[in-house]
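Novice: Sharing a sequence plus its predicted fold:
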Number of protein chains: 2
Amino acid sequence: MKISINADYMLRAVYELAMNKTDKPIPVSQIARNQHIPHKFLEKLFSRLKEREIVKSKKGKTGGYLLKKGPKNITMYEIIQAAEGEVNIHSCLERSKESNCVSVDDCTFRIFWSKFNHNINKFLKSYTLDDFLTGN
Amino acid sequence: MKISINADYMLRAVYELAMNKTDKPIPVSQIARNQHIPHKFLEKLFSRLKEREIVKSKKGKTGGYLLKKGPKNITMYEIIQAAEGEVNIHSCLERSKESNCVSVDDCTFRIFWSKFNHNINKFLKSYTLDDFLTGN
């Protein structure tokens, strides 16, 4: 059970924006270089962060990205969800009743994975980017 | 972020033993068939469960496996750990100070991944096989 490379990159990209104490946007190329993230891949990640209104962009030569909200208003859940989509520890949680799963919908496995997942999401929703930055 | 196929198989294998209400061991072949797990792979998983004293084996024609402890005395942490080794959500948690990580040992990333990991392990250690079976 490991965090995905997407989530790892996403957090490092958001960290770079959070460390910017100016109102000047940071170019994607700079973040890619600093965090050793492939440039094209990073552009895709930023478009997902923008869709979710976690970051805002400025176009042009001095363009790049800035956080759209303060670190206290961004949770780790939002960042990881932007990277991975819904956080589901087991693929059975994505299946509907109509799927071909051999187990019934409310089987003990599904109940356990669902509780495990809930526990993970609860933690991620309670942990803000500000907590992350201050190591709280 | 997904649970490994090893952990998924391991839980299904232990479930089969837990559902056995007799004192007769269950053959690996029967569990492999019931749970759609490759036989050779399942044998490896059982040897790990045996090493950790979660199951016991009986050799011979009527041989197979039985739980060694009651379901109240087996945690989900033990089962998943037998499948995956130490549960570490991010590979940086496995690195020592001497590694080539570009970040220092107590960086904010490591602190976060460590807290996230602690949260996961705390949940898994508190959830017994008995809770799993009863859906608590």
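Specialist: Cool, got the structure. As the structure is a computational prediction, the values presented were derived from the model and not from experiment.
Novice: ok, now which ones touch A:Arg12?
Specialist: A:Gln35, A:Ile37, B:Phe109 (CB atoms under 8 Å, 6 or more residues apart in numbering or on different chains). All C-beta atoms are positioned from the backbone trio N, CA, C, and that covers glycine.
Novice: Assumed it was part of a helix.
Specialist: Yes: assessed with DSSP: H, G, I helix; E, B strand; the rest coil, A:Arg12 lies in a helix.
Novice: so what's it scoring on pLDDT?
Specialist: Looking at A:Arg12, its pLDDT stands at 91.
Novice: For it, give its distance to A:Cys92.
Specialist: To A:Cys92, A:Arg12 is 30 Å away according to CB to CB, to the nearest Å.
Novice: how far is the one helix or strand A:Ala83 maps to from where the chain is centred?
Specialist: According to DSSP states H and E, A:Ala83 maps onto helix A:76-84. Offset of helix A:76-84 from its chain centre (CA atoms, centre = their mean, to the nearest Å): 2 Å.
Novice: With stretch A:125-136 instead?
Specialist: Worked out by CA atoms, centre = their mean, stretch A:125-136 lies 14 Å from the chain centre.
Novice: So which residues make contact with it?
Specialist: A:11, A:14-15, A:18, A:70-77, A:79, B:108, B:111-112, B:115-116.
Novice: what's the average pLDDT for that stretch?
Specialist: Here stretch A:125-136 scores 92 as its mean pLDDT.
Novice: buried stuff in that stretch?
Specialist: The neighbour-count check on stretch A:125-136 (16 or more other CB atoms under 10 Å in any protein chain shown) flags A:Tyr127, A:Thr128, A:Leu129, A:Asp131, A:Phe132 as buried.
Novice: so the second one bridges to which residues?
Specialist: Okay, so that is A:Thr128. A:Thr75 (DSSP bridges).
Novice: And it, how close does it get to chain B?
Specialist: Separation of A:Thr128 from chain B (CB to the nearest CB, to the nearest Å): 11 Å.
Novice: What ranges does chain A have for its strands?
Specialist: With DSSP state E as the criterion, chain A has strands at A:55-58, A:64-67.
Novice: Which residues of chain A lie near chain B?
Specialist: Applying CB under 8 Å from any CB of the partner chain, one finds that chain A approaches chain B through A:1-4, A:7-8, A:11-12, A:15, A:36, A:76, A:80, A:84, A:87-91, A:102, A:108-109, A:111-113, A:115-116, A:119-120, A:123-124, A:127, A:132-133, A:135.
Novice: so of those, which ones are in helices?
Specialist: A:7-8, A:11-12, A:15, A:76, A:80, A:84, A:108-109, A:111-113, A:115-116, A:119-120, A:123-124, A:132-133 (DSSP state H).
Novice: neighbouring contacts of the helix holding A:Ala83?
Specialist: Contacts to helix A:76-84, defined as CB under 8 Å, 6+ apart, come from residues A:3-4, A:6-7, A:9-11, A:14, A:45, A:48-49, A:51-52, A:54, A:87, A:121, A:124-125, A:127-129, A:132, B:1, B:112, B:116.
Novice: repeat that for 7 Å
Specialist: By CB atoms under 7 Å, 6 or more residues apart in numbering or on different chains, the residues outside helix A:76-84 that reach it are A:4, A:6-7, A:10-11, A:14, A:45, A:48-49, A:52, A:54, A:87, A:121, A:124-125, A:127, A:132, B:1.
Novice: what angle do it and helix B:108-126 make?
Specialist: 100 degrees (axes from the mean of the first three to the mean of the last three CA atoms, to 10 degrees).
Novice: excluding its backbone neighbours, what's nearest A:Gln63?
Specialist: Let me fix one detail, which is that residue A:63 is Gly and not Gln. In space, and not counting its chain neighbours, A:Gly63 is closest to A:Pro25: 6.0 Å by CB to CB, 6 or more residues apart in numbering or on different chains.
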